[in-house]
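Student: Fold the following.
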Amino acid sequence: MSTLDAVFATCARTLARRASSSSASSSSASSPGVAARAAREISDALNAVRLADVSRALDAYAARARERDEMGSRARLQPCVTYLGLRAEREYSIGAFVFDASQTMPLHNHPGMTVFMRALFGSANVTSYDLVSCVDASGGSVESHLSAVNAMEGRGRAFDAKFAGRVRLSGGDGVSAASSSTIMLTPTRANVHTITATTACAILEVQTPPYAVGHGRDCHYFEFVDAETDGMNRDFGDDGRRLREIGPSPSFVCRTFPSDDDEHSLAR
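Tutor: Take a look at the predicted model:
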């Protein structure tokens, strides 16, 4: 069994078990022990993934990126962030986001979702925030807002937010098990985040449950708001910020990473 197959098997076993436990109880926090065990097992499986087991095309891209870095070349291999889908199920999805150096995924969220992230190769910074409360005059909870507002409508409500941390993901050599560890973002902790690649890199993700447009799990984007211009005049505190929901930026494009059969289509 490859290291990626082990991730598939672990997710199928642990997340199906968690979904079964949740459906058997009326409490949303019915089985924290099962969830904690699932998180440990998924993290361990992701930590062991070898790049070569994920995709020949991605392995080849990583080799070209390392060669480019060694030569000091600034030539870009791809015009946008790309996504390599690996598995999509009702309880979870697995895939890898591929970045060139300096590319950024805008500030966004995963409402009601848990996300596991690990660098397969290269490095990136993940900066995260917690939504504390809705501050628009119309009121409403964070949960009701995130499930009701369509990001395509433009700017939505504003939220007090708290800086949750900045983590550097750094992958290994792509041959042995990478040296980086998996991080986890939860529905209430570090859920709003941005990713900035410091080198060409690939970030392997497990999202559970996956995005579901129209079912309270749409992807929402955010911008920072200046307290002096938003009409609220609140004190953010030492580490507080204000975030407002916005539509997706036209400058951010995410396309499909070529499959192994399409490897020749990558720029060389």
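Student: mind listing the strands for the stretch 51-200 of the chain?
Tutor: 81-88, 93-99, 104-108, 114-121, 123-134, 158-170, 183-185, 192-197 (DSSP state E, counting those that start in this stretch).
Student: residues of the first one that come out buried?
Tutor: For strand 81-88, the buried set under the neighbour-count rule, 16 or more other Cβ atoms under 10 Å, comprises 81-82, 84, 86. For every residue, glycine as well, the C-beta is placed using N, CA and C.
Student: which outside residues touch it?
Tutor: 4, 8, 11, 54-55, 57-58, 93-99, 103, 105, 202, 210, 252-257, 259 (Cβ atoms under 8 Å, 6 or more residues apart in numbering).
Student: at 7 Å what do you get?
Tutor: By Cβ atoms under 7 Å, 6 or more residues apart in numbering, the surrounding residues in contact with strand 81-88 are 8, 55, 58, 93-99, 103, 105, 210, 254-257.
Student: Kindly report the same for the last one.
Tutor: Contacts with strand 192-197, where a contact means Cβ under 7 Å, 6+ apart, come from 99-107, 109, 122, 124-129, 131, 161, 185, 203, 222, 243.
Student: Which element is encountered next along the chain beyond that strand?
Tutor: strand 201-208 (DSSP states H and E).
Student: pLDDT averaged over that next one, what's the number?
Tutor: Average pLDDT, strand 201-208: 96.
Student: Kindly export it (C-alpha atoms) in CSV.
Tutor: C-alpha atoms of strand 201-208 as CSV (Å, rounded to 0.1, in the frame of the first residue of the first chain):
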residue,chain,number,x,y,z
CYS,A,201,5.4,24.3,-3.0
ALA,A,202,2.5,21.9,-2.8
ILE,A,203,0.1,21.8,0.2
LEU,A,204,-1.7,18.5,0.7
GLU,A,205,-5.1,19.0,2.3
VAL,A,206,-7.9,16.9,3.8
GLN,A,207,-11.1,18.9,4.3
THR,A,208,-13.9,17.4,6.3
